[in-house]
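Trainee: Sequence below, structure please.
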Amino acid sequence: MKMNGNEIKPGNIIKHQDTLWVAVKCNAVKPGKGGAFNQVELKNLLDGRKLNERFRSAETVERIRLDQKTHTYLYPEGDMLVFMNAENYEQIYLQADFVGDQALYLTDGMEVEVEFYEERPITVALPEQVILTVEETEPVVKGQTSANSFKPATLSNGARTNVPPFVDAGERLVINTNDGSYVKRAD
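Mentor: Just a heads-up that it's a prediction; the model follows:
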């Protein structure tokens with residue numbers, strides 16, 4: 001699907017320089033002299049490179065639509081992670097580096113969204129929040145009761161995060177998978 005360069009918005013995936021890019025930031029610029037253009041910060045979906053590019057309204061780019069398929073996380077195998085397609089039960093093997101830091105939050109049976117371009121996996125999206133148990137944390141320091149004080153804690157998946165002083169070992173917490181931060185106590 002073709003689109004004009006001034007229509008690119010953050011989150012759009014485009015084909016540029018024979019590879020796939022996602023628009024991270026877009027800024028419409030109307031200089032006093034010359035034609036208007038769209039200053040776009042792009043991130044390469046395949047290798048993570050960044051690029052700043054100017055697109056004029058007369059230029060056209062190809063907008064790419066990715067196929068989203070629900071997969072279930074099964075288990076790690078060496079440095080690979082095994083996922084199963086929820087519809088046809090086919091298994092795919094992805095490098096742990098491909099999933100990145102979020103691989104730490106994968107649990108057996110977790111459903112994730114895998115986006116494909118021409119049958120090649122491009123991204124893996126985990127649920128925004130997971131429930132984990134606090135394995136150990138420091139005791140509360142007397143007098144440290146201000147609203148913004150936090151203490152370090154180790155979670156059941158081995159991750160470390162900061163939690164409020166009232167959280168003790170053994171409690172179940174809701175954790176944000178994007179940055180590993182404490183959200184709230186689990187019900």
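Trainee: Look up the closest residue to residue 131, ignoring the ones flanking it.
Mentor: Among residues not flanking residue 131 along the chain, residue 186 sits closest, at 4.6 Å (Cβ to Cβ, 6 or more residues apart in numbering). (C-beta placed from N, C-alpha, C; glycine too.)
Trainee: quick one: the residue nearest to residue 79 when sequence neighbours are not counted and residue 113, what's the gap?
Mentor: Spatial nearest neighbour of residue 79, excluding adjacent residues (Cβ to Cβ, 6+ apart): residue 96 at 5.4 Å. Distance, residue 96 to residue 113, using Cβ to Cβ, to the nearest Å: 18 Å.
Trainee: Give the helix, strand or coil label for the residue nearest to residue 181 when sequence neighbours are not counted.
Mentor: Nearest non-adjacent residue to residue 181, counting by Cβ to Cβ, 6+ apart: residue 161, 6.3 Å away. Classification of residue 161 using DSSP: H, G, I helix; E, B strand; the rest coil returns strand.
Trainee: What are the buried residues along the helix or strand bottoming out on mean pLDDT in the chain?
Mentor: Across the helices and strands of the chain, the lowest-confidence element by mean pLDDT, DSSP states H and E is helix 96-99, at a mean of 79. Residues of helix 96-99 classed as buried by neighbour count (16 or more other Cβ atoms under 10 Å): residue 99.
Trainee: Now the element after that helix, going C-ward?
Mentor: The C-terminal neighbour of helix 96-99 among helices and strands, as given by DSSP states H and E, is strand 111-117.
Trainee: so what's the closest residue in space to residue 64 that isn't next to it in sequence up against?
Mentor: Among residues not flanking residue 64 along the chain, residue 13 sits closest, at 4.6 Å (Cβ to Cβ, 6+ apart). Contacts for residue 13 (Cβ atoms under 8 Å, 6 or more residues apart in numbering) come out as 20-23, 45, 63-66.
Trainee: most surrounded residue in these?
Mentor: Compared across the contacts of residue 13, residue 21 has the highest neighbour count, 25 neighbours, by other Cβ atoms under 10 Å.
Trainee: Quickly find the element holding that one.
Mentor: Using DSSP H and E, residue 21 falls within strand 19-29.
Trainee: gap between the residue lying farthest from the centre of the chain and residue 88?
Mentor: Largest separation from the mean C-alpha position in the chain: residue 33, at 39.6 Å (Cα atoms, centre = their mean). Distance, residue 33 to residue 88, by Cβ to Cβ: 57 Å.
Trainee: This completes my enquiry, with thanks.
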